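**Student:** predicted model, plus sequence, below.
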Amino acid sequence: MKPYVKTIISIGTCSFLVMMGYTLVSPILPLYALTMGASFSAVSFLVSAFALTRMCLDLPAGLLGSRYHPKDLMMAGIAVVSAGSVVCALAPSYMVLLVGRLLQGAGSAFFTTMSTTTIAMTAPGDERGKHLSINTSLIMAGSVSGPFIGGVTARYFGLSAPFWIYAGLTALGILFIHVAIKRSDIPTEREAVSLDGLKKHFSDRSVVVVNLATFSLFFLRSGVGATLVPLFAYTNLGITEDVLGVTLTAMALCTFATMVPSGTFTDKHGRRPSMMACLILSGLSTLLIPFSWNYPSFAMFMVMYGLTLGLSGPMAAWIADLVPRRKLAPAMGVFRTINDAGMVAGPAVLGTLAGFTGGSSTVTFVPFVLAAVLMCITALLLVRARDPVGERKATAKDGGAKP
């Protein structure tokens, strides 16, 4: 096995453990907060808090990646996530639970930014989409099992139990990175970052548009998938936490099923077609969810929603195509910051809108419509973004067609 393949699989395995832990708590986090007397808006902020902390620390993590070894930063990040999980499990009140979520977000910023950067730097350029898809597929595999285990565990062992499992999985991740990844297997080709360099990064219209597209997608995932869907399931349909966990697991499995093929597709045909299809179709799928009239219809719409989300492919690959390799660490820091801004804005905007339009007893269709419109608008902006992989494939095809 080639060293870079081993490194990518090792990071992906650790990402699997971390994501399993993260999705373990997704079915029960809103209910956990509600039992502490939190309002819909407070629940939305709790979901956003994880991403809010990541948003603030993603860029510093990327900048530190140009100074310190990625392995050290990944291990430190997972350790903080594990500590935050313990705080959440022991939380006696909403405020302590919030502190734990902030710690989880802080640790995740360093692990996620540096793991994505390491894979993008390690993988060959013409296979970047495929190898980032391997990592994404392992993340999705973790998300498939997490909600089901979390929902069942919470139902039979209490709402704090999934957080203890989260802490254990992340502790195992620290050990795995320490043993499985050699420092010498990770490229150290990095460039010091300046303010002018960051300004130049944001002056590239294609980079800005691609970041905006991923902002919208994370806005959807966090605002709809992690906030509106649980609230809608609990308040409108009376679905229990274990049943919701099974449903979210099925949704994640559907995303996994389309994510891996879409990554290979983007390496062959370019990033734009897959991303545009993802944004438009996921927006349309979102519109169907609030019209669920019973559990079977809800489950069907969630399956459709999950299938369309996977069409995005490895989003980081498009950014990696657009920037020089030596600048990948800060570029990924910016990329992760924009993504997490979407995770912050999604629950805050859609959860608050749900409270205004439906009160505390029901969730209306209004916030779902807002999310769908944003997806479709953003998809249209991608028409003008450069797609280096697609351009190279088109040039090679035209060259081969000439006599």
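**Tutor:** On my side now, so go ahead. Because the structure is predicted, anything quoted here is derived from the model rather than measured.

**Student:** contacts only, for the residue nearest the centre of the chain.
**Tutor:** In the chain, the residue lying closest to the centroid (CA atoms, centre = their mean) is F218, at 6.5 Å. Neighbouring residues of F218 by CB atoms under 8 Å, 6 or more residues apart in numbering: 51, 339-343, 346. Heads up, the C-betas are built off the backbone N, CA and C, glycines and all.

**Student:** what's the helix or strand for G238?
**Tutor:** Using DSSP states H and E, G238 sits in no helix or strand.

**Student:** where's it relative to T362, distance?
**Tutor:** For G238, the distance to T362 (CB to CB, to the nearest Å) stands at 11 Å.

**Student:** of the two, who's got more company?
**Tutor:** Legend: neighbour count by other CB atoms under 10 Å for G238 and T362, higher for T362 (12 against 9).

**Student:** what pLDDT does that one get?
**Tutor:** Note on T362: pLDDT of 83.

**Student:** just the one 10 residues further on next, same as before
**Tutor:** Looking at A372, its pLDDT is 94.

**Student:** contact partners for the spatially closest residue to it that is not a sequence neighbour?
**Tutor:** For A372, ignoring the flanking residues on the chain, the nearest one in space by CB to CB, 6 or more residues apart in numbering is G283 at 4.0 Å. Listed by CB under 8 Å, 6+ apart, the contact set of G283 reads 220, 371-376, 379.

**Student:** cool, A257 as well?
**Tutor:** A257 makes contacts with 307, 310, as judged by CB under 8 Å, 6+ apart.

**Student:** now it: which helix or strand?
**Tutor:** Assigned by DSSP H and E, A257 belongs to helix 241-269.

**Student:** low-confidence stretches in the stretch 301-403 of the chain?
**Tutor:** 314, 325, 359-360, 396-403 (pLDDT under 70).

**Student:** show me the helices in it, by range?
**Tutor:** Secondary structure of the stretch 301-403 of the chain by DSSP state H, counting those that start in this stretch: the helices cover 315-322, 328-358, 366-381, 388-401.

**Student:** in JSON lines, list those along with distance to R205 and mean neighbour count.
**Tutor:** JSON lines is the format used below for the helices of the stretch 301-403 of the chain (distance: least, CB to CB, whole Å; neighbours: other CB atoms under 10 Å):
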{"stretch": "helix 315-322", "distance to R205": "10", "mean neighbour count": "25"}
{"stretch": "helix 328-358", "distance to R205": "15", "mean neighbour count": "24"}
{"stretch": "helix 366-381", "distance to R205": "10", "mean neighbour count": "19"}
{"stretch": "helix 388-401", "distance to R205": "14", "mean neighbour count": "12"}
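
**Student:** turn the ones you listed into JSON lines, including distance to F291.
**Tutor:** Formatted as JSON lines, the helices of the stretch 301-403 of the chain follow (distance: least, CB to CB, whole Å):
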{"stretch": "helix 315-322", "distance to F291": "29"}
{"stretch": "helix 328-358", "distance to F291": "14"}
{"stretch": "helix 366-381", "distance to F291": "9"}
{"stretch": "helix 388-401", "distance to F291": "36"}
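
**Student:** right, and these - which one's nearest R67?
**Tutor:** R67 lies closest to helix 328-358 among the helices of the stretch 301-403 of the chain, at 9.3 Å (CB to CB).
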